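Participant: sharing a sequence plus its predicted fold:
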Amino acid sequence: MISALVYLMCALTSILCAVLLYLKYRRNRTRLLLWSGICFFCLALNNILLFVDLVLAPQIDMSVIRTLPAVMGFGALVWGFIWDTP
């Protein structure tokens, strides 16, 4: 069950990164910090769904559902790189 601990630690780390990026965005108003925070929030959601899929409900295949937040997060980050970078 060490893998379950790793999944949860990755989720907590992503949440911490998202919160710190959002707090820094509130102070500086640099929009790239906002897009990065959104990306890390989506990655945290991805890690939480990974934990649910592989540990809590291994009989249900949630691979497509758990991949969507990661794709959305990276999409938000790419959007920020393209449109909000001077």
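Facilitator: Great, that's in hand. Numbers count the residues shown, from 1 in each chain.
Participant: wait, Asn46 sits on Phe74?
Facilitator: No - assessed by Cβ atoms under 8 Å, Asn46 is found out of contact with Phe74, at 10.0 Å. Where you see a C-beta, it was placed from the backbone N, CA and C, and this is true even at glycine.
Participant: which one of these two has more residues nearby?
Facilitator: Asn46 (22 against 13; other Cβ atoms under 10 Å).
Participant: what about Ala70, distance to Phe41?
Facilitator: 11 Å (Cβ to Cβ, to the nearest Å).
Participant: between these two, which one's more packed in?
Facilitator: Phe41 (21 against 17).
Participant: same question for the one helix or strand the more buried one maps to: list its buried residues.
Facilitator: Taking DSSP states H and E as the definition, Phe41 sits inside helix 31-51. Buried residues in helix 31-51, counted by 16 or more other Cβ atoms under 10 Å: 33-51.
Participant: now that helix: average pLDDT?
Facilitator: For helix 31-51, the mean pLDDT works out to 96.
Participant: what residues does it touch?
Facilitator: 4, 7-8, 10-12, 14-15, 17-19, 21-22, 24-25, 62, 65-67, 69-70, 72-74, 76-77, 79-81, 84-85 (Cβ atoms under 8 Å, 6 or more residues apart in numbering).
Participant: now Trp11. Nearest residue, chain neighbours left out?
Facilitator: Just to correct that, residue 11 is Ala rather than Trp. With Cβ to Cβ, 6 or more residues apart in numbering as the criterion, Ala11 has its nearest non-adjacent residue at 3.7 Å, and that residue is Asn47.
Participant: could you do Asp84 as well?
Facilitator: Closest residue to Asp84 apart from its sequence neighbours, by Cβ to Cβ, 6+ apart: Arg31 at 4.4 Å.
Participant: likewise Met1?
Facilitator: Val55 (7.8 Å).
Participant: tell me the contacts of the one you found?
Facilitator: Met1, Ser3, Ala4, Tyr7 are the contacts of Val55 under Cβ under 8 Å, 6+ apart.
Participant: and what of Ala18?
Facilitator: Residues near Ala18 by Cβ under 8 Å, 6+ apart: Gly37, Ile38, Phe40, Phe41, Ala44.
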